[in-house]
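In: sequence? don't have it. structure:
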């Protein structure tokens with residue numbers, strides 16, 4: 001059939017999520033002649049133009065005749081070899097997509113492990129409920145493993161908690177790693193295919209991980225509307241709490257009719273409530289979008305205007321620990337940050353705030 005509306009929407013989501021590698025399988029190739037197949041291939045190549053997977057291999061397949069199946073496996077293998085490994089160190093995070101009960105086992109959840117690693121008997125917390133528990137029996141693709149790592153499909157047995165206490169969209173994570181939020185600052189790209197302009201304070205569906213939360217979009221910098229194809233810094237005011245982190249990707253869909261209209265990256269998962277016409281917030285969000293750890297550290301200290309502990313710096317910047325440690329060391333040696341040592345943990349502050 002070529003590129004259909006659902007294909008176009010899914011491709012837009014792949015692009016908004018920043019997926020950099022992919023393979024396109026044209027299915028049911030046995031149903032049409034060679035001329036039609038060539039037209040479909042050209043249609044696919046055109047659709048990929050300008051997306052994150054532009055230039056992806058296109059493989060003609062038929063599950064009925066077996067045509068192209070070996071070529072598809074080889075194409076997937078080539079892409080897999082180019083993939084960067086996800087960070088398997090540090091705290092873990094797993095958005096839950098299924099929850100069910102197995103006789104004699106109890107409550108089981110499944111999902112894709114976003115970061116870190118998880119093993120049998122690890123402590124965990126379900127967010128947003130805050131329920132703490134221990135993990136039992138970790139499986140990857142139906143096989144027991146000692147430890148699952150980021151990027152893998154995982155099933156976890158969760159003793160002592162009922163199926164009704166967990167839902168799709170919840171997140172299981174290392175205790176203390178994630179914090180609930182009711183507001184999120186982000187960079188938003190409104191798709192050129194969006195059916196209408198996005199007006200300030202529009203109610204939308206905010207998709208993050210496996211969760212869907214209703215939210216209002218606040219266009220920052222005094223904008224009253226965003227035209228299809230345009231970008232803006234925005235604040236999402238959520239109707240239910242969720243857990244998110246800096247640099248996570250998100251998708252937004254219109255309230256009704258339900259269709260994908262845009263998406264982007266999270267720049268601050270715990271922002272203050274901004275005034276729509278406050279232009280100063282645009283500069284701080286620009287710093288966050290650049291993502292330089294040293295700039296982020298200075299920004300967080302300037303925003304809080306208080307001495308912050310190392311743990312507080314980790315919480316507010318949400319920078320990986322190795323990057324945070326290196327940036328903090330450089331800033332101290334350059335005299336841009338002062339370390340205050342006392343009886344407890346050291347605190348960090350900029351010289352001008354300390355002087356004040």
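Out: Okay, I see it. Since the structure is predicted, the reported quantities are computational estimates derived from the model, not experimental observations. Numbering: from 1, shown residues only.
In: what's the burial count for the residue nearest to residue 149 when sequence neighbours are not counted?
Out: Excluding its sequence neighbours, the residue lying closest to residue 149 (Cβ to Cβ, 6 or more residues apart in numbering) is residue 88, at 3.9 Å. Any C-beta I mention is one placed from the backbone N, CA and C, and that applies to glycine too. Using other Cβ atoms under 10 Å, residue 88 has 16 neighbouring residues.
In: could you do residue 25 as well?
Out: Burial of residue 25 is recorded as 18 neighbouring residues (other Cβ under 10 Å).
In: can you check residue 184 too?
Out: Using other Cβ under 10 Å, the number of residues around residue 184 comes to 24.
In: got it, and residue 325?
Out: Neighbour count of residue 325, defined by other Cβ under 10 Å: 15.
In: do the same with residue 326
Out: 14.
In: quick one, what contacts it?
Out: Counting by Cβ atoms under 8 Å, 6 or more residues apart in numbering, residue 326 touches residue 293.
In: tell me how far it lies from residue 320.
Out: Separation of residue 326 from residue 320 (Cβ to Cβ, to the nearest Å) stands at 10 Å.
In: about what we covered before: hmm, the residue nearest to residue 149 is touching residue 116, no?
Out: Yes - with contacts counted by Cβ atoms under 8 Å, residue 88 reaches residue 116, the gap being 6.6 Å.
In: shared neighbours, those two?
Out: Shared contacts of residue 88 and residue 116, defined by Cβ under 8 Å, 6+ apart, are found at 149, 150.
In: hmm, who's touching the lowest-mean-pLDDT helix or strand in the chain?
Out: The weakest-scoring helix or strand in the chain, judged by mean pLDDT, DSSP states H and E, is helix 310-317 (a mean of 91). By Cβ under 8 Å, 6+ apart, the surrounding residues in contact with helix 310-317 are 179, 246, 270, 293, 296-297, 300-301, 304, 308, 321, 324, 328, 345-346, 348.
In: which SSE is immediately downstream of that helix?
Out: Next helix or strand after helix 310-317 toward the C-terminus (DSSP states H and E): helix 321-333.
In: next SSE after that following helix?
Out: Next in sequence after helix 321-333, counting helices and strands by DSSP H and E, comes strand 338-340.
In: how many neighbouring residues does residue 92 have?
Out: Applying other Cβ under 10 Å, we find 25 other residues in the vicinity of residue 92.
In: right, and it touches residue 115 too?
Out: Yes - Residue 92 is within contact range of residue 115, at 6.4 Å (criterion: Cβ under 8 Å).
In: mutual contacts of those two, please.
Out: Each of residue 150 lies in contact with both residue 92 and residue 115 under the rule Cβ under 8 Å, 6+ apart.
In: buried residues of stretch 325-341, list them for me.
Out: 327, 328, 331, 337, 338 (16 or more other Cβ atoms under 10 Å).
In: relative to residue 293, how far out is the first one?
Out: If I follow you right, that is residue 327. Taking Cβ to Cβ, one finds residue 327 at 4 Å from residue 293.
In: show me which residues of the least confident helix or strand of the chain are buried.
Out: 310, 312, 313, 314, 315, 316, 317.
In: would a markdown table of those residues with distance to residue 54 be doable?
Out: Listed next are the buried residues of helix 310-317 as a markdown table, based on distance: Cβ to Cβ, whole Å:
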| residue | distance to residue 54 |
| --- | --- |
| 310 | 42 |
| 312 | 42 |
| 313 | 38 |
| 314 | 36 |
| 315 | 38 |
| 316 | 36 |
| 317 | 33 |
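In: return the member of the residues you listed nearest to residue 169.
Out: The nearest member of those to residue 169, counting by Cβ to Cβ, is residue 315 at 23.0 Å.
In: and residue 202, how far from residue 290?
Out: Separation of residue 202 from residue 290 (Cβ to Cβ): 28 Å.
In: could you do residue 221 as well?
Out: 17 Å.
In: neighbour count winner among these two?
Out: With other Cβ under 10 Å as the criterion, residue 221 and residue 290 differ in neighbour count, and residue 221 comes out ahead with 16 against 9.
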